[in-house]
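K.L.:
prediction below, plus the sequence it came from.
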Amino acid sequence: MIPFYRFLEVGLFSMLNLMPFLIMAIYPFRRHLRFSHVTTNILIIVMALVQICLGCLAAFSPIGSEVMSLVSTVIYAGFYFFVIKDHIGRLAFVLLVFSNLGNLVTVCAKCLEGLVFGSIALESYRWSMLICMVIMHLLITVPVGFYVQKYFTSSVPIQTKSWRHLWIIPATFYLTWYYHLYFTGQSALMVALDIHHALFLLIINLGAFVVYHTAILLLLEQKKSSLLMQNNYLLSLRNIQHENLQQRINEARQAKHDVRHHMHLIREYLHSGKLQELEAYLDQYSASLPTTQSILYCQHYETNSLLGYFAQQAQQHGITMDIFVQLPEKIHLPETTLSVLLGNLLENAIDACKEVSDGERKITVRGKANNGFVFFDISNPYSGALKKSISGEYLSTKQRGHGLGMNSVAHLVRYHNGVLDVDSKDNIFRVSVMLQEQPDV
């Protein structure tokens, strides 16, 4: 009969081999869980119990350790993809990175156990292994945890198509690990106890870590470049708005300068009794005055200014804008987000309307903030046929406007856990956007 303390040793080992890496793998996606935190914690407990059972089978049954390791990995991966809702490539990258780290800690702990405790290391899941696991966690896992907090949490949420391929990097190292442990003609236990094998695997893992870090730095640079492009776009919009305001100021100055001449002529008409001529002159003068009416589209200052600017641009091209936006004065979104999003969409809409006949030029804008979400719906006519990529994304068509800036829009929507719906029917192009507000903004 197997003594109880052996089950306790296996259980503690399973926890040390699972929980630190599972926590680090989930941490970057803590805002992308499919379930509530309570439900997720319950599922983690169930997952831990399953891993303990698998550890007991590996320790006390004739089933090969390589088979149980494979089963454990499959269940672990299935659990990970089940509880987190995110891009599968990004999830696979993080999961494989920490699986490789777990293998490194286990092998190094086993090698240390053999060096310090001698023959007891030939037994699986003993108390000596637990001590060595704790030491390796302090030497390896804890520093990596700080690294995860500093780099992973800022790089993993980055929305990029590169995630479709980046997961292959840790997958390659994982296959190297698995082959070296189970297919070299020796048992995984003997491979781990051999200091030469342990050093080799350590070097492999250090090389892998350098590759991971390089990939993360490239992602962070890509994020900085994207933010710079957004800020430049916002700056260009503000420069145009400033030029427009300066033009209005110059018109006002000119009007003030000319008013003396008008007053002189009005007095002449009055003194001469030419009232009909005076009335005609006043009508002509009123018609020549520039429109100075300021329309309040919504309470949110940045959005209102942007809508006002594009409404003026649309008017210059004979485009009617039907705007109904209900946004409060304060929205918990970065200032650049709405400016870049609306700027790109409205600029595309105006460019597309320029290509249709005068009687059909109309842009409809709807917006609303409700229950922590911001909604926008923009539609406009277009001419010709829109082209799509194989993945269903609209391609850039400079002549018709659509596609320009849509990548920036899609990036912003994904970054704010939002929804982007693009549709074209009966020569009407429609974009619907839902963004989740950020309470800390």
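P.N.:
Looks like it arrived, so ask away.

K.L.:
and S162, how many residues sit next to it?
P.N.:
16 (other C-beta atoms under 10 Å). Yep, even glycine has a C-beta here, placed from its N, CA and C like the rest.

K.L.:
state the distance from it to H87.
P.N.:
Separation of S162 from H87 (C-beta to C-beta, to the nearest Å): 11 Å.

K.L.:
and if you look at F200?
P.N.:
Look at F200 and H87: by C-beta to C-beta, they are 33 Å apart.

K.L.:
higher neighbour count, those two?
P.N.:
Each of F200 and H87 has its neighbours counted (other C-beta under 10 Å); H87 has more, 17 against 14.

K.L.:
isn't that one right next to K161, touching?
P.N.:
No - using C-beta atoms under 8 Å, H87 is not in contact with K161, being 9.6 Å away.

K.L.:
relative to Y309, how far out is the nearest residue to I75 once chain neighbours are set aside?
P.N.:
Spatial nearest neighbour of I75, chain neighbours left out: V50 (6.2 Å); criterion: C-beta to C-beta, 6 or more residues apart in numbering. For V50, the distance to Y309 equals 58 Å [C-beta to C-beta].

K.L.:
go on, L345?
P.N.:
Distance of L345 to Y309, computed by C-beta to C-beta: 14 Å.

K.L.:
between these two, who's got more neighbours?
P.N.:
Each of L345 and Y309 has its neighbours counted (other C-beta under 10 Å); L345 has more, 22 against 18.

K.L.:
show me the contacts for the more buried one.
P.N.:
Residues counted as contacts of L345 (C-beta atoms under 8 Å, 6 or more residues apart in numbering) are F376, I378, G405, V409, V431, V433.

K.L.:
helix/strand/coil for Q186?
P.N.:
Q186 falls in the coil class when you classify it by DSSP: H, G, I helix; E, B strand; the rest coil.

K.L.:
do you know the pLDDT at the closest residue to it other than its chain neighbours?
P.N.:
Nearest non-adjacent residue to Q186, counting by C-beta to C-beta, 6+ apart: D194, 7.8 Å away. pLDDT recorded at D194 is 82.

K.L.:
any idea how far R414 is from D194?
P.N.:
Taking C-beta to C-beta, one finds D194 at 46 Å from R414.

K.L.:
do the same with Q246
P.N.:
37 Å.

K.L.:
any chance you could map the helices in the stretch 151-300 of the chain?
P.N.:
For the stretch 151-300 of the chain, helices defined by DSSP state H, counting those that start in this stretch occupy the ranges 153-155, 163-166, 168-182, 188-193, 195-272, 275-288.

K.L.:
and L296, backbone torsions?
P.N.:
Backbone torsions for L296, taken as degrees, to the nearest 10, come to phi -90, psi 110.

K.L.:
surely it and N304 touch.
P.N.:
Yes - judged on C-beta under 8 Å, L296 makes contact with N304 at a distance of 6.4 Å.

K.L.:
buried residues, stretch 86-106. List them.
P.N.:
86-87, 89-106 (16 or more other C-beta atoms under 10 Å).

K.L.:
for Y269, list the residues it contacts.
P.N.:
L275, E277, L278, Y281.

K.L.:
what about it, distance to R260?
P.N.:
15 Å.

K.L.:
and for L101?
P.N.:
Counting by C-beta to C-beta, the gap from L101 to R260 is 81 Å.

K.L.:
and S383, what does it touch?
P.N.:
S383 touches A352, E355, V356, R400, N427, counting by C-beta under 8 Å, 6+ apart.

K.L.:
so where does the third one fall, helix or strand?
P.N.:
For V356, there is no host helix or strand (DSSP states H and E).

K.L.:
quick one: residues contacting it.
P.N.:
P381, Y382, S383.

K.L.:
which of these sits closest to A58?
P.N.:
Nearest to A58 among the contacts of V356 is Y382, at 62.0 Å by C-beta to C-beta.

K.L.:
using the three-state scheme, assign the residue lying closest to the closest one once chain neighbours are set aside.
P.N.:
Once flanking residues are discounted, Y382 sits nearest to A352: 4.4 Å by C-beta to C-beta, 6+ apart. The three-state label given to A352 by three-state DSSP is helix.
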